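>>> A predicted structure for the sequence below; I have some questions about it.
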Amino acid sequence: MIDLYENCRLCPRNCGTDRRNALGFCGESDKIRISRAALHFWEEPCISGSGGSGTVFFSGCGLRCIYCQNAEIALSHSGIEISEERLIEIFFELQEKGAHNINLVTPSHFTPSVVSAIDKAKKSGFSLPFVWNSSGYEKRETLELLRGKIDIFLPDLKYFSSETAKNFSHAPDYFEKASEAIDVMVDIAGTPSFASDGLMRSGVIVRCLVLPAHTNEAISIIKHLYERYADGIYLSIMNQYTPTRRDFAFKELSRKLTTYEYDKVVSFALDIGVKNAYTQGREAASESFIPPFDHTGVLKERK
């Protein structure tokens, strides 16, 4: 079998690094590295539910936005290396703690290892849904590896214009790649389905983070998604942008979103007929919604 970490082309960066011996654009080698594995209560209600989502935060990222709220783990070589066997144990430990699902956050650059772990866990009787929580900047070929493995996709669609994507994430092809990726995700996950308790069992929720001074871009994203999928997906319109510093070259990133800006985007969604959508209150734009990346749950607890 081909080692997909050799001459790595798992993400649209196509860096070609031999990650068995060096770090790729994502900042990671072929060794799984995570920074937190714990119950998480701040996702969409159909993901977090009452018991929490069993969230695994992977280190590194193939997009690397300049304003990243998880910069501590996404932009620096942070976290702890674990084996595939340990990742499988973590799945079961989170299940025992009452997790409704396993929420894989920014896992794309570890896809081969994650797919293998999911396969082995399912063969051992693991039955919770798996959530693929990503930036949306993905390759069709990599996503095809997830058929039969991932139940719910939770991608971002961050940018509509190539200029904004270039300025904020050095990825002018973002919309092209993310749009194609979402098409694949919808094909894999199908029409949204829910359990009797309201928890999502399968489907796609696309997150649109409204950025300060970029309401028209968010509106274009929502228009595109609704015209393409109508009620075949859910939207999550987010106002939780939190400045990570005050010295951005693009000054608009140095402030939070205003109520007027967010309401403008939500009103547009309602006006065009969007029904399947989540919105956020003002309290979401708070650093308290960023979990501590203190390696909780990464290492096996001593009994």
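Right, received. Where do you want to start?
>>> in whatever helix or strand residue 207 lives in, what's buried?
Using DSSP states H and E, residue 207 falls within strand 200-209. By 16 or more other CB atoms under 10 Å, the buried positions in strand 200-209 come out as 200, 202-209. Every residue, glycine included, has its C-beta placed from N, CA and C.
>>> Widest-spaced pair of those residues?
202 and 209 (23.6 Å; CB to CB).
>>> where does the stretch 151-300 of the chain have low pLDDT?
By pLDDT under 70, the low-scoring segments of the stretch 151-300 of the chain are 282-289.
>>> can you pull out the helices in the stretch 151-300 of the chain?
162-169, 174-189, 215-229, 259-271 (DSSP state H, counting those that start in this stretch).
>>> Output the ones you listed in a markdown table; the columns should cover mean neighbour count and distance to residue 68.
Output for those, formatted as a markdown table (neighbours: other CB atoms under 10 Å; distance: least, CB to CB, whole Å):
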| stretch | mean neighbour count | distance to residue 68 |
| --- | --- | --- |
| helix 162-169 | 17 | 9 |
| helix 174-189 | 20 | 14 |
| helix 215-229 | 19 | 18 |
| helix 259-271 | 15 | 20 |
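>>> Let me know which of the ones you listed is the nearest to residue 295.
Closest among these, using CB to CB: helix 162-169, at 27.0 Å.
>>> Give me the contact list for that closest one.
Residues from elsewhere that reach helix 162-169 (CB atoms under 8 Å, 6 or more residues apart in numbering): 63-67, 137, 158-159, 171-175, 211, 214, 217, 250, 253.
>>> can you give me how far the strand holding residue 207 is from the chain middle?
On the basis of CA atoms, centre = their mean, to the nearest Å, strand 200-209 sits 10 Å off its chain's mean C-alpha point.
>>> residue ranges of the strands in the stretch 1-150 of the chain, please?
33-40, 53-58, 80-81, 102-105, 130-134 (DSSP state E, counting those that start in this stretch).
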